[in-house]
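In: Let's see this in three dimensions:
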Amino acid sequence: MRIFRSNDGGFTLVEMLFATLITVVVLLGLLTAVEIATFQNVQVQMRDEMAQIADSQMNNLRALPFSMISTCGNSCTFTYGARKYTLIKKITLSGDGNTADLNVRVRSWVYKNMSTAIDIHAVKAQ
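Out: The predicted structure is shown next:
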């Protein structure tokens, strides 16, 4: 007479379903973390580009002679890389006309319904 031993070495269907469910939940958590990291990287890149643009424009304004500063205020939209930015330059002369408040504002493109702006201020004396 032969006695067959039961094979308990494998997984049951219920165990496989739970293992699959746990794996899916962990992967969804990882995907969320990847999405958040990507969003943060895009924001940092956006701020870096805006800071470079604003700094460049402010250096251009500071390099101008004081007599030409009052004619430089304007607003424009331009493309930097593959993105569009809005640049606004505002110059305010003081009451005595000896100093000028220089303001450069760069507004970024919209990413996930979020837009950012960077302002740089400087004062130039005659």
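
In: Give me the neighbour count for Ala104.
Out: Rather than Ala, residue 104 is Val. By other Cβ atoms under 10 Å, the residues close to Val104 number 23. Heads up, the C-betas are built off the backbone N, CA and C, glycines and all.

In: cool, the one 10 residues further on as well?
Out: The local packing of Met114 (other Cβ under 10 Å) involves 11 other residues.

In: so what's the backbone phi/psi at Ser108?
Out: phi -100, psi 170 (degrees, to the nearest 10).

In: Does it touch Ala117 like I think?
Out: Yes. Judged on Cβ atoms under 8 Å, Ser108 makes contact with Ala117 at a distance of 7.0 Å.

In: Now do the shared contacts for those two.
Out: Both Ser108 and Ala117 are contacted by Met50, under the criterion Cβ atoms under 8 Å, 6 or more residues apart in numbering.

In: When the two are compared, which one has more neighbours?
Out: The residue with more neighbours, out of Ser108 and Ala117, is Ser108; 21 against 13, by other Cβ under 10 Å.

In: From Gln57, how far off is the more buried one?
Out: 14 Å (Cβ to Cβ, to the nearest Å).

In: same deal with Thr77?
Out: 13 Å.

In: Give me the more crowded residue out of those two.
Out: Comparing Thr77 with Gln57 by neighbour count (other Cβ under 10 Å), the higher total belongs to Gln57, at 19 against 10.
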